[in-house]
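Asker: model this:
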Amino acid sequence: MNVSASPRSATLSQRSRVLRALGVTPWVQRATRSGPTVVEPSQPLPDLAAGVACVVVLPQSCATRELDLLGRLLNACGSTLARAARVRVTDGQLAEVPHARAYLVFGEAQAHALGRALPAAAMQSAQIVLADELVQVLTAAEAKRRLWSALRNLRRTLAVAER
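Answerer: A predicted model of the protein is given here:
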């Protein structure tokens, strides 16, 4: 009897192929037998006093499913985006926005709130990437394509800024 690979491993290999086609290198945790391993980051962690690398601007109300999608997306795109600060727009206003090299904004209403909260000099020096709201990303293929494209461009910009 010929036993094929498990459905889970087939799904994981397809996921890896899709992520590589999109320009995303998936991270794989190494299994060790000698106990926990301390992994030293290849790049220094961003200094929060000097500003953060990226800030994600979200609407006030996000469902758990949408936040789960966001977490998976940012983790798949590397450590810089995985550690991105997340701020929420409350009643059309942002309370406090850290200065960053890049902003990932989900929805036009959040972009307007970011424009009102940031000084002009900070907006001019940062890259602001507008993406569709997470609800649309979950339901529309075009929104997913635009988000992946935006994330790819954002990763390139942040990689150039780190050099």
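
Asker: use CA for all of it now, contacts and neighbours both
Answerer: Fine.

Asker: tell me the secondary structure for the residue nearest to the spatial centre of the chain?
Answerer: By CA atoms, centre = their mean, the chain has its centre lying nearest to residue 74, at 3.0 Å. Here residue 74 is recorded as helix under DSSP: H, G, I helix; E, B strand; the rest coil.

Asker: In this structure it contacts residue 82, no?
Answerer: Yes. Residue 74 lies in contact with residue 82 (CA atoms under 8 Å); the separation is 4.7 Å.

Asker: Spell out, range by range, the strands that occur in this protein.
Answerer: Along the chain, counting by DSSP state E, strands occupy 52-58, 85-88, 100-106, 127-131.

Asker: Now do the second one: everything it contacts.
Answerer: Residues from elsewhere that reach strand 85-88, judged by CA atoms under 8 Å, 6 or more residues apart in numbering: 52, 54-60, 94, 97.

Asker: So which of these is the closest to residue 154?
Answerer: Nearest to residue 154 out of the contacts of strand 85-88 is residue 54 (CA to CA; 9.1 Å).

Asker: Next, count neighbours for residue 14.
Answerer: Using other CA atoms under 10 Å, residue 14 has 12 neighbouring residues.

Asker: Where in this protein is the helix or strand with the lowest mean pLDDT?
Answerer: helix 7-21 (a mean of 76; mean pLDDT, DSSP states H and E).

Asker: how much space between the residue nearest to residue 122 when sequence neighbours are not counted and residue 56?
Answerer: For residue 122, ignoring the flanking residues on the chain, the nearest one in space by CA to CA, 6 or more residues apart in numbering is residue 99 at 6.8 Å. Between residue 99 and residue 56 the computed distance is 12 Å (CA to CA, to the nearest Å).

Asker: who wins for proximity to residue 19 among the strands of the chain?
Answerer: The closest of the strands of the chain to residue 19 is strand 127-131. By CA to CA, the value is 18.9 Å.

Asker: Distance from the closest one to the middle of the chain?
Answerer: Strand 127-131 has its C-alpha centroid displaced from the chain centroid by 12 Å (CA atoms, centre = their mean, to the nearest Å).

Asker: can you pull the contacts of residue 135?
Answerer: Listed by CA under 8 Å, 6+ apart, the contact set of residue 135 reads residue 66.

Asker: cool, residue 147 as well?
Answerer: 131-132, 137.

Asker: most surrounded residue in the residues you listed?
Answerer: Counting neighbours by other CA under 10 Å, the top entry in these is residue 131, with 22 neighbours.
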